[in-house]
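Asker: quick one, fold the following:
(one chain, ligands or ions: 1)
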Amino acid sequence: AEQTSVLTVAGMTCAACVRRVEKRLAKLEGVSASVNLVTGRATVRHPRGTTVEELAHAVTSAGYPAEPHV
Ligand code: 9UX
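Answerer: Numbering: from 1, shown residues only. Just a heads-up that it's a prediction; the model follows:
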């Protein structure tokens, strides 16, 4: 089963940043993401076994500090 989570992502300033974040998330098994540059949010579709903390860590590792959106 799948689930949707939202992350807040800092440091994105251009469309290439958006693609980097989307590609980093897509490397995770069963994960796809849509990133909004203006709002700084990533909407992520992922398996239930993937935690939002894992997703945020992956994005942070790519150079864009992220955390679960409250
Ligand atoms: Mo363009 Mo986004 O250099 O970091 S990819 S600002």
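Asker: only C-alpha atoms for contact and neighbour calcs from this point on.
Answerer: OK.
Asker: low-confidence stretches in the protein?
Answerer: Within the chain, no range satisfies pLDDT under 70.
Asker: and the nearest residue to V9 once chain neighbours are set aside, how far is that from E22?
Answerer: Excluding the flanking residues, the one nearest V9 by CA to CA, 6 or more residues apart in numbering is A66, at 4.4 Å. To E22, A66 is 13 Å away according to CA to CA, to the nearest Å.
Asker: which bits of the protein sit near the ligand?
Answerer: M12, T13, C14, A16, C17 (CA under 6 Å from any ligand atom).
Asker: please redo it, this time with the cut-off set to 8 Å
Answerer: Residues of the chain that fall close to the ligand, judged by CA under 8 Å from any ligand atom: G11, M12, T13, C14, A15, A16, C17, V18, R20.
Asker: kindly reformat those as a markdown table containing secondary structure and neighbour count.
Answerer: Below are these laid out as a markdown table (DSSP: H, G, I helix; E, B strand; the rest coil; neighbours: other CA atoms under 10 Å):
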| residue | secondary structure | neighbour count |
| --- | --- | --- |
| G11 | coil | 12 |
| M12 | coil | 20 |
| T13 | coil | 11 |
| C14 | coil | 10 |
| A15 | helix | 11 |
| A16 | helix | 11 |
| C17 | helix | 17 |
| V18 | helix | 20 |
| R20 | helix | 17 |
